[in-house]
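Colleague: Can you look at this prediction? I've put the sequence above it.
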Amino acid sequence: MRVTSGVSVKIPVVIQRIDRRDVSGNIADIAAELIARTALQWESEVNEGGKKENKRVRHGRVRIPSRCLREIIGEHQSFASRICESPVTVTIDIGRREGMKAVQIFPGLFLDTSIEVSIRGKNTIFVLFHLYSQVKS
């Protein structure tokens, strides 16, 4: 992307969610990880005196100041939960075959339903039950 001098630019950034623990199992520094993931490398070309042979190339890196980001995380409690991996995963299966968008339930038939809850670093809790469909008169 080329941005001319004196222009204000907003660049949207999409980042992968941050894991709350690092590879060694310690609690991760969310602010430091976010700063590292959103750093922006830039390059500029400057012609000094208007001659092509006097062209200078400058490089730099823009990052969110750590103090500002820590202040945002401290003031807005929901911010960290939005950028971090969820510690719990819930999967619900209602007996639907793969590729089907809907399940039709007929009166007097059972519907197999299962719920799987996974907590990071812990065992999976698996619940299986049958729902019975009946018509009320």
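Modeller: Thanks, I have the structure now. Numbering: from 1, shown residues only.

Colleague: least trustworthy helix or strand in this structure by mean pLDDT?
Modeller: strand 124-132 (a mean of 64; mean pLDDT, DSSP states H and E).

Colleague: Look at Gln41 and tell me its secondary structure.
Modeller: Assigned with DSSP: H, G, I helix; E, B strand; the rest coil, Gln41 falls in the strand class.

Colleague: Do I have it right that it meets Arg63?
Modeller: No: using C-beta atoms under 8 Å, Gln41 is not in contact with Arg63, being 10.3 Å away. Where C-beta positions appear, they are placed from N, C-alpha and C, glycine not excepted.

Colleague: out of these two, which sits in the busier spot?
Modeller: Neighbour tally, Gln41 and Arg63, criterion other C-beta atoms under 10 Å: the higher count belongs to Arg63, 12 against 8.

Colleague: The residue lying closest to the more buried one once chain neighbours are set aside: neighbouring residues, count only.
Modeller: Nearest residue to Arg63, sequence neighbours excluded (C-beta to C-beta, 6 or more residues apart in numbering): Ala39, at 4.7 Å. Counted with other C-beta under 10 Å, the neighbours of Ala39 add up to 11.
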